[in-house]
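In: Test case, fold it:
(chains A, B, C and D)
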2 protein chains.
Amino acid sequence: MAEKTIDRPLTEVKSQFAVPYYEISYDKFFQFGVSVDCVVFGYHENRLKILLIKRGAEPYKGMWALPGDLVYPNENIEVAAQRILRDLTGIEDLYMEQTKVYGKVDRHPAGRVITTAYYSLIDIAKHDPHASAWAEGVYWLDLAEMPKLAFDHSEILKDALVVLQQRVRHQPVGFELLPEKFALADLQALYEALLNETYDKANFRKRILSMNLLISLKENQKDVPHRPARLYKFDKQRYDELISKGFSFEL
Amino acid sequence: MAEKTIDRPLTEVKSQFAVPYYEISYDKFFQFGVSVDCVVFGYHENRLKILLIKRGAEPYKGMWALPGDLVYPNENIEVAAQRILRDLTGIEDLYMEQTKVYGKVDRHPAGRVITTAYYSLIDIAKHDPHASAWAEGVYWLDLAEMPKLAFDHSEILKDALVVLQQRVRHQPVGFELLPEKFALADLQALYEALLNETYDKANFRKRILSMNLLISLKENQKDVPHRPARLYKFDKQRYDELISKGFSFEL
DNA sequence: ATAACTTTTGGTAAAAATGACATTAAGTAT
DNA sequence: ATACTTAATGTCATTTTTACCAAAAGTTAT
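Out: Prediction:
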């Protein structure tokens, strides 16, 4: 195919790559710090929570912040995200996904630090966070009552929430916030909390069940003061099958 | 509200933030280079194209690559993205959006460089790229015939394409690839190229027009060997209104 | 045991959206 | 004037969505 090609002579040489890279002093460029901040969403009793730490070190000592820290120069970023979250909160092996990079020149008082935000969803009951390293405390804070956070973490959190809502609408990630076994009403309450909407109970049930992503267990709720609902579990295998066939979950 | 709070004593101090930040030698951490890579999509004659450069400097001299370069330590990343694209290709003032960060330890032979990918959509006819700085050439390459790219740029491009298709489906970004005035058939051809699908002409028309996002001009196509179609333009104001009311574009 | 109560669960009917396709309209080319 | 091409509009059957009802199944109180 003929392409539209525009090929002009070099006009000016001003980049660090204009001469062979190994002859240049990179000092001028290689002065960045890189960090990771983790936005961990949890869900408990119909409320969406965020995992925050109370900072035990400068800068912003004593303030609320997302769990985050600097990446080592020989460490991959995703690995760092896991390590840092584990070091500060004890939580391990989460599925984490990037949301955005934050790189304002003055966002960190100690120098030029650009940070990558990762988000994750967990069932609060399945993990037991505890403060360690320089974290003075680890808390599940209600999303509705969020204090001001250190650095630009308030902005990071706000953006991550938008990403979460996007994801939740188009992929069945919501299931990750629920216990293994759950009732349809639980799932509905979760989605209503996540997206602040309300759904008709009967129609929600039909929609979800028609996707065939749930396995009906031979087991009912216990200790409820009314008719107990049937319990279900998420059919991960069926989901992977559908995805590979180009299925797209929509709520 | 009572929160589930877990607050344990410090167990170990091992982070760089465990002592006041101004007393620490950060040298160990502040060794990163940060770069930006731009994935600029263009559209011309029913084909999706990518703006690539032929590298005129090491590393990967002579190879195809996304326009990208290192960020200055006192420069905001978005500003750098604009500058670098302008320096290398002469294209200015694009609306660019982040897609992802790439940070593998060995992704750059000159040292630890993490890069942020930005993507943008432009109407090829509206811009006239020309190689400058250390770019030896600038080319619009057809997406279907993409060569192997320098660094991890092939992966970056692949991911950006997925993001583009997502965005195009849920926001009317497609309009940015068309000239000011266009016929409905042009819009349809664009979406069909972007998403490799085909739509029924009559139904596509109804769907698009029912969104009220197009302004019908009192003007028709010229120089077509058949009945000329009515021209439309995108109603940006109406779009912003709808968005602020929580409207979501779906195709 | 029975009645009252609450929530689950299955169903139906109207309304809305979708999709396939036919028809008419409006221009160009001969 | 006629043929031809694509635009533009309309119709209709089908599917999907939505609102709502009622029976079923358990718990609790009497």
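
In: Going by C-alpha atoms from here, please, whenever you check contacts or count neighbours.
Out: OK.

In: Chain neighbours aside, what residue packs nearest to A:Gln165?
Out: The shortest distance from A:Gln165 to any residue that is not its chain neighbour, by Cα to Cα, 6 or more residues apart in numbering or on different chains, is 6.4 Å, and that residue is A:Leu195.

In: And the next helix or strand past whichever helix or strand A:Leu52 is part of?
Out: Under DSSP states H and E, the secondary-structure element containing A:Leu52 is strand A:47-55. The element immediately downstream of strand A:47-55 (helix or strand, assigned by DSSP H and E) is strand A:64-65.

In: what's around the residue nearest to A:Gln165, how many residues?
Out: Applying other Cα atoms under 10 Å in any protein chain shown, we find 14 other residues in the vicinity of A:Leu195.

In: Can you give me the distance of it to DNA strand C?
Out: Per Cα to the nearest atom of the strand, to the nearest Å, A:Leu195 is found 19 Å from DNA strand C.

In: now the angle from the helix or strand A:Lys100 falls within to strand B:97-102?
Out: In this structure, A:Lys100 is located in strand A:97-102 according to DSSP H and E. In this structure, strand A:97-102 runs at an angle of 110 degrees to strand B:97-102, with axes from the mean of the first three to the mean of the last three Cα atoms, to 10 degrees as the basis.

In: what does strand A:97-102 contact?
Out: By Cα atoms under 8 Å, 6 or more residues apart in numbering or on different chains, the residues outside strand A:97-102 that reach it are A:114-120, A:159-160, A:163, B:98-101, B:116.

In: how about a cut-off of 7 Å?
Out: A:Ile114, A:Thr115, A:Thr116, A:Ala117, A:Tyr118, A:Tyr119, A:Ser120, A:Ala160, A:Val163, B:Lys100, B:Val101 (Cα atoms under 7 Å, 6 or more residues apart in numbering or on different chains).

In: buried set for the strand holding A:Leu52?
Out: The neighbour-count check on strand A:47-55 (16 or more other Cα atoms under 10 Å in any protein chain shown) flags A:Arg47, A:Leu48, A:Lys49, A:Ile50, A:Leu51, A:Leu52, A:Ile53, A:Lys54, A:Arg55 as buried.

In: Return the list of strands paired to it, each annotated with direction.
Out: Taking DSSP bridges as the criterion, strand A:47-55 sits next to strand A:33-44 (antiparallel), strand A:64-65 (antiparallel), strand A:135-142 (antiparallel) in its sheet.

In: Now the first one: average pLDDT?
Out: Across strand A:33-44, pLDDT averages out at 95.

In: now swap in the second one and tell me
Out: Over the span of strand A:64-65, the pLDDT mean works out to 97.

In: just checking, next helix/strand downstream of it?
Out: Counting by DSSP H and E, what follows strand A:64-65 is strand A:68-70.

In: Work out the gap between that next one and the centre of the chain.
Out: Remark: strand A:68-70 is offset 15 Å from the chain centroid, using Cα atoms, centre = their mean, to the nearest Å.

In: So what touches it?
Out: With Cα under 7 Å, 6+ apart as the contact definition, strand A:68-70 has outside contacts at A:Gly33, A:Val34, A:Ser35, A:Val36, A:Asp37, A:Cys38, A:Ile84, A:Leu85.

In: ok, then the element right after that strand?
Out: Toward the C-terminal end, the helix or strand that comes next after strand A:68-70 (DSSP H and E) is helix A:77-89.

In: With only the CA atoms kept, save that following helix in PDB.
Out: Backbone C-alpha positions of helix A:77-89 (Å, rounded to 0.1, in the frame of the first residue of the first chain) are rendered in PDB as follows:
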ATOM      1  CA  ILE A  77       6.600  -1.600  39.100                       C
ATOM      2  CA  GLU A  78       4.000  -4.300  39.500                       C
ATOM      3  CA  VAL A  79       6.300  -6.200  41.800                       C
ATOM      4  CA  ALA A  80       6.900  -3.000  43.800                       C
ATOM      5  CA  ALA A  81       3.100  -2.500  44.100                       C
ATOM      6  CA  GLN A  82       2.800  -5.900  45.700                       C
ATOM      7  CA  ARG A  83       5.800  -5.500  47.900                       C
ATOM      8  CA  ILE A  84       4.800  -2.000  49.200                       C
ATOM      9  CA  LEU A  85       1.300  -3.000  50.000                       C
ATOM     10  CA  ARG A  86       2.500  -6.000  51.800                       C
ATOM     11  CA  ASP A  87       5.200  -4.100  53.700                       C
ATOM     12  CA  LEU A  88       2.700  -1.400  54.900                       C
ATOM     13  CA  THR A  89      -0.400  -3.400  55.400                       C
END
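
In: Strand A:135-142 and that helix, what's the angle between them?
Out: Relative orientation of helix A:77-89 and strand A:135-142, computed by the same axes, to 10 degrees: 100 degrees.

In: And the closest residue in space to A:Phe30 that isn't next to it in sequence, how far from DNA strand C?
Out: In space, and not counting its chain neighbours, A:Phe30 is closest to B:Gly33: 4.3 Å by Cα to Cα, 6+ apart. Taken as Cα to the nearest atom of the strand, the spacing of B:Gly33 relative to DNA strand C amounts to 47 Å.

In: what's near enough to touch B:Gly33?
Out: Under the criterion of Cα under 7 Å, 6+ apart, the contact partners of B:Gly33 comprise A:Phe29, A:Phe30, A:Gln31, A:Phe32, B:Leu70, B:Arg112, B:Val113, B:Ile114.

In: Which positions in the stretch 1-150 of chain A make contact with DNA strand C?
Out: With Cα under 7 Å from any atom of the strand as the criterion, the stretch 1-150 of chain A does not come near DNA strand C at any residue.

In: Now do the strand holding A:Leu52, average pLDDT.
Out: If you average the per-residue pLDDT over strand A:47-55, you get 94.

In: How about stretch A:105-114?
Out: In this model, stretch A:105-114 has an average pLDDT of 92.

In: Kindly report the same for stretch A:135-149.
Out: The average pLDDT within stretch A:135-149 is 93.

In: That stretch: end-to-end distance?
Out: With Cα to Cα, to the nearest Å as the measure, the ends of stretch A:135-149 fall 14 Å from one another.

In: what does stretch A:38-52 give?
Out: Distance across stretch A:38-52, first residue to last, is 9 Å (Cα to Cα).

In: Pull the distance from it to the chain's centre.
Out: Relative to the mean C-alpha coordinate of its chain, stretch A:38-52 is positioned 10 Å out (Cα atoms, centre = their mean).
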